[in-house]
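>>> Predicted model follows, preceded by the sequence.
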Amino acid sequence: MTEQKRSEWNSNLAFMMAMIGSAVGLGNIWRFPNVLYSNGGGSFMIPYIVSLFLLGISFVLVEYAVGFKFKRSLARILFSVSKKLEPVAWFILLVVFLITTYYVCVVGWDLIYIVLSITKAWGANPDLYFTNNVLHATDSVSGIFTIVPTVLASVFAIWFIAWFILKRDLNEGIGRVSKILLPLLCIIVVGIVAFSLTLPGASIGYTQIFTPDWSALTNLDVWLAAFGQIVFSLSLGMAIAMTYASYLPEGSKLVDNALVVAFSNSGFEVFNSIGIFSILGFMTLSSGIPFNELVTEGTGLAFVVFPQVFNIMGDVAYIVGPLFFLCILFAGITSVIALLEGVCYSISEKFLIERKKTATAVCIVGFCISTIFATGLGSSILGVFDAFLNNFALLFAVLLECIIFGWIYKFDDLIETLNNNSKIKVGKTWKTVIKYILPICIFGLWAQGIYSTISSSNSFSTTIMIILTIVLIVVPVIFAKLPAINEHYYDV
Ligand code: PHE
């Protein structure tokens, strides 16, 4: 059988919107404010900007150059770098896929909250409501056998939406959806931030961002936190930029594009956090709860603290509430499709399965795995998946990519690819960053991640981590061993 027709972006705008959509996700909305606050407030912007320029943009450029130069899927790219590296590609893709299975579940919870926020159905105690009425969370292991129907339905809905977008042609699906959702997301965020600044007490919140704690700068953990946020927020190492850049037509301006994407993503999270902080400032003034108790991370912020805020906000919360959760939904969907596109591309290129069928198979398997998170024990398992895959497996993937492209592959070819396709040129500094500085920083984060994951583990989480480790070793080897149906797959 011969190769399928390659997909190509029909406009630079579609590519940029898809790239920004992939980066702007739940991490920007609820992870960044907490990381910023816990690491020195205003002064955190220094390590953050240094990490963005020195490490984040540098790594995105590697992914762009590799994708653009090879115009292939990750599995086939690593196979052509060295036959032995194909399992590494399937390892990276499996990590991305498993991350998606629980990310979809969190977006599913958000879908439930869009509906709840219309009537503020969470009542006077949003904390209890979230654990008891939404998650039906239990500590007992038998909880894994009780399905929570509403969570299952919303998880199904998100997988269905992802499938519906992915199965279409690149421009009709991902391109068009990103061009619609991203502007909508921006309009809503601008509206929420503008509104939040008018709230009494807003200044208690936003001044936190502008009040620096300079002593934090001498703390290594703060620098690692900045770098960790950049890895998460720019979705580094997930083969997204590589996949999207491989669909670029000749003559595209790579470095210029990467800069626009990175600035838009960081601009979004900084701007958005002004709104989040102002709203929390209002909460402090109105309820007397100290500010530092309100700035939590993740699900706690979105599904507990924000409903509490909406409870005291009065009638305007019936508009602001659904809009806030709609924002998370839009940001989440564009990230989910980006996470899945690279996985689908590698499978369809190796096994020569058409786009629609690959998307269907991947989404069905994904949904089946996600059902684990729709059980009574789901949120606990989700926590373990999140800690293990993000702190450990994903950072390991980024480290491997740095080593492969910085050391094993002819790095100078990448410099040439970028410089031939950009007004802004890269050179030796970039090479030093990728070969030395970036691997050292990632190793630091990785060691810290392993330490915190191990020190907070118990027998339940250890069992899940062992299962995940086995899956992450066995499945990639099987995928690499399976013979390719595409006869050109092995052309180096
Ligand atoms: N960067 C996106 C976010 O901030 C996408 C992402 C998904 C990143 C999953 C890491 C893990 O949400």
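Done, it's in. Since we're looking at a predicted model, the values are computed, not measured.

>>> residues from this structure in reach of the ligand?
23, 25-28, 99, 103, 232-233, 235, 335 (Cβ under 6 Å from any ligand atom). C-beta: built from backbone N, CA, C; applies to glycine.

>>> repeat that with 8 Å
Residues of the chain lying near the ligand by Cβ under 8 Å from any ligand atom: 22-28, 31, 99-100, 103, 232-235, 238, 265, 331-332, 335, 338-339, 390, 394.

>>> In strands, which of the residues you listed fall?
Among the residues of the chain next to the ligand, none falls in strands (DSSP state E).

>>> okay, and for the protein, where does confidence drop off?
The model of the chain has pLDDT under 70 over residues 1-4.

>>> go again using 50 as the cut-off
Applying pLDDT under 50 to the chain flags the ranges 1-2.

>>> ok, for Phe405, nearest residue in space, not its chain neighbours?
Counting by Cβ to Cβ, 6 or more residues apart in numbering, Val62 is the residue found nearest to Phe405 once chain neighbours are left out, at 5.3 Å.

>>> How about Val336?
That would be Ala162: by Cβ to Cβ, 6+ apart, it lies 5.0 Å from Val336.

>>> Make sure Ile289 is indeed in a helix.
No: checked against DSSP: H, G, I helix; E, B strand; the rest coil, Ile289 lies outside a helix; its state is coil.

>>> and it, how many residues sit next to it?
14 (other Cβ atoms under 10 Å).

>>> And for the closest residue to the ligand within the stretch 301-450 of the chain, nearest residue in space, chain neighbours not counted?
The stretch 301-450 of the chain approaches the ligand most closely through Ser335 (4.0 Å), counting by Cβ to the nearest ligand atom. Residue nearest to Ser335 in three dimensions, not counting chain neighbours: Gly25, with 3.5 Å by Cβ to Cβ, 6+ apart.

>>> Same check on Tyr345?
Counting by Cβ to Cβ, 6+ apart, the residue nearest Tyr345 is Ser73, at 4.3 Å.

>>> neighbours around Lys428, how many?
Counted with other Cβ under 10 Å, Lys428 comes out at 8.

>>> Phi, psi for Asp139 please.
Backbone torsions for Asp139, taken as degrees, to the nearest 10, come to phi -90, psi -20.

>>> show me the contacts for it.
Going by Cβ atoms under 8 Å, 6 or more residues apart in numbering, Asp139 touches Ser380.

>>> cool, Gly56 as well?
Contacts of Gly56 by Cβ under 8 Å, 6+ apart are 230-231, 234, 236, 262.

>>> if we can go back for a sec, so the residue nearest to Phe405 is in which element?
helix 58-70 (DSSP states H and E).

>>> Tell me the first helix or strand C-terminal of that helix.
Counting by DSSP H and E, the next helix or strand C-terminal to helix 58-70 is helix 74-81.

>>> Which one (most neighbours) among the contacts of Gly56?
Leu234 (29 neighbours).

>>> Go ahead and confirm Ile209 touches Ser43.
No: look at Ile209 against Ser43 with Cβ atoms under 8 Å: they stay out of range, at 10.5 Å.

>>> Of those two, which one has the most company?
Ile209 (20 against 17).

>>> which residues does the more buried one contact?
Residues near Ile209 by Cβ under 8 Å, 6+ apart: 36, 41-42, 270, 273-274, 277.

>>> what do you get for Asn390?
Here Asn390 is in contact with 99, 232, 449 (Cβ under 8 Å, 6+ apart).

>>> Of those - the most surrounded one?
Neighbour max across the contacts of Asn390 (other Cβ under 10 Å) = Gly449, 22 neighbours.

>>> is it true that it touches Asn391?
Yes: taking Cβ under 8 Å as the definition, Gly449 is a contact partner of Asn391 at 3.2 Å.

>>> need the helices for the stretch 151-300 of the chain, in chain order.
176-197, 202-210, 220-233, 240-246, 254-287, 291-294, 299-300 (DSSP state H, counting those that start in this stretch).

>>> out of those, deepest packed?
The highest mean neighbour count among the helices of the stretch 151-300 of the chain, using mean count of other Cβ atoms under 10 Å, belongs to helix 240-246: a mean of 27.

>>> Ramachandran angles for Asp169?
Residue torsions, per degrees, to the nearest 10, at Asp169 are phi -60, psi 150.

>>> who touches it in this structure?
Contacts of Asp169 by Cβ under 8 Å, 6+ apart are 7, 355.

>>> Distance check, it against Trp9.
Asp169 sits 11 Å away from Trp9, going by Cβ to Cβ, to the nearest Å.

>>> ok, now Phe145?
Relative to Trp9, Phe145 is positioned 45 Å away (Cβ to Cβ).

>>> any idea how far Ser196 is from Thr296?
Going from Thr296 to Ser196 by Cβ to Cβ gives 18 Å.

>>> Please apply the same query to Ala202.
6 Å.

>>> Then Val60?
Val60 is 30 Å from Ser196, by Cβ to Cβ.

>>> do the same with Pro476
With distances taken as Cβ to Cβ, Pro476 is found 45 Å from Ser196.

>>> relative to helix 58-70, how tilted is the one helix or strand Glu401 maps to?
For Glu401, the host element (DSSP H and E) is helix 395-403. Calculated by axes from the mean of the first three to the mean of the last three Cα atoms, to 10 degrees, helix 395-403 forms an angle of 60 degrees with helix 58-70.

>>> other SSEs contacting helix 395-403?
helix 58-70, helix 86-119, helix 438-455 (3 or more Cβ pairs under 8 Å, 6 or more residues apart in numbering; DSSP states H and E).

>>> and the angle for that helix with helix 86-119?
Using the same axes, to 10 degrees, helix 395-403 lies at 130 degrees relative to helix 86-119.

>>> Kindly calculate the angle that helix 395-403 makes with helix 74-81.
40 degrees.

>>> What lies in contact with helix 395-403?
With Cβ under 8 Å, 6+ apart, helix 395-403 has contacts from 59, 62-63, 88, 91-92, 95, 231, 236-238, 434-435, 438-439, 442-443, 445-446, 449.

>>> following that helix, which helix or strand shows up next?
helix 411-420.

>>> ok so, going back, which residues touch the residue nearest to Val336?
104, 333, 336-337, 340, 363, 366.

>>> any chance of these in TSV, plus neighbour count?
As requested, the contacts of Ala162 are exported to TSV (neighbours: other Cβ atoms under 10 Å):
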residue	neighbour count
Val104	29
Ile333	24
Val336	23
Ile337	27
Leu340	27
Cys363	24
Gly366	23
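
>>> which two in those are spaced the farthest apart?
The distance between the two most remote of the contacts of Ala162 (Cβ to Cβ) is 14.1 Å, for Ile333 and Gly366.
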